[in-house]
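**Q** Predicted model and sequence follow; I will ask about them next.
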Amino acid sequence: ELGYNILGIDIDKDSIEFAKKNNIFKNVNFEENTIENINHFYDIILVCELLEHLEHPIEFLKILKSKLKDNGIIILTTPNGYGWSEREAEFINYLSQNQLISKIFNKMKKKEQNITLNSKDRHLQKFSYINLLKIFENANLKIYQQKNGPVFGGPIIERTWAKIPGFKYLSNILGDKIKPKMSLVWYFVLKNK
């Protein structure tokens, strides 16, 4: 809406087709591509919930950095691989070993909407806050700004407590007040060192 030229890329064809179909802006384009094949430099590169899906996050960040203009920034979000949501998922997996409970969870899943078009996509990495700091350091990136996300979330919380008015607001407020290692997700603005 501000008139910037925007390019969205993804390796998943269905995701790109969905984005193209729903795009209402003339200055926004989508390509099925990888960052290595892009021959432009950018003021801002936005990377949302992607790092955990990569085998080699440091190499990926170095490639991103090489695509930045001199004063460019990378805005990156990634989940806490050891946060509340991960613990809930592990607990559900444990409970799902029981056939009756597994049937109940499967019925609940059928009613839910997928959060991604690429259902085969999986997390390959689990990051702690300290681990992420080391990854940024190894990629020769510095944190310009950082914000913690909410504290509570996950399959059980989303179906129960999160429906209570004000709960998500409280979870976000707590995320701002406590140590980064407690957040479900982190938001970073990164720059060249």
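**A** Nice, thanks for sending it over.

**Q** who's in contact with the nearest residue to residue 4 once chain neighbours are set aside?
**A** Excluding the flanking residues, the one nearest residue 4 by Cβ to Cβ, 6 or more residues apart in numbering is residue 27, at 6.6 Å. Every residue, glycine included, has its C-beta placed from N, CA and C. Residues in contact with residue 27 (Cβ atoms under 8 Å, 6 or more residues apart in numbering) are 3, 4, 5, 6.

**Q** got a pLDDT number for the nearest residue to residue 19 once chain neighbours are set aside?
**A** Spatial nearest neighbour of residue 19, excluding adjacent residues (Cβ to Cβ, 6+ apart): residue 30 at 4.3 Å. The model reports residue 30 with a pLDDT of 97.

**Q** Ok, the one 5 residues further on next?
**A** Looking at residue 35, its pLDDT stands at 92.

**Q** Where does the nearest residue to it once chain neighbours are set aside fall, secondary structure wise?
**A** Spatial nearest neighbour of residue 35, chain neighbours left out: residue 63 (5.5 Å); criterion: Cβ to Cβ, 6+ apart. Element membership for residue 63, per DSSP states H and E: helix 57-66.
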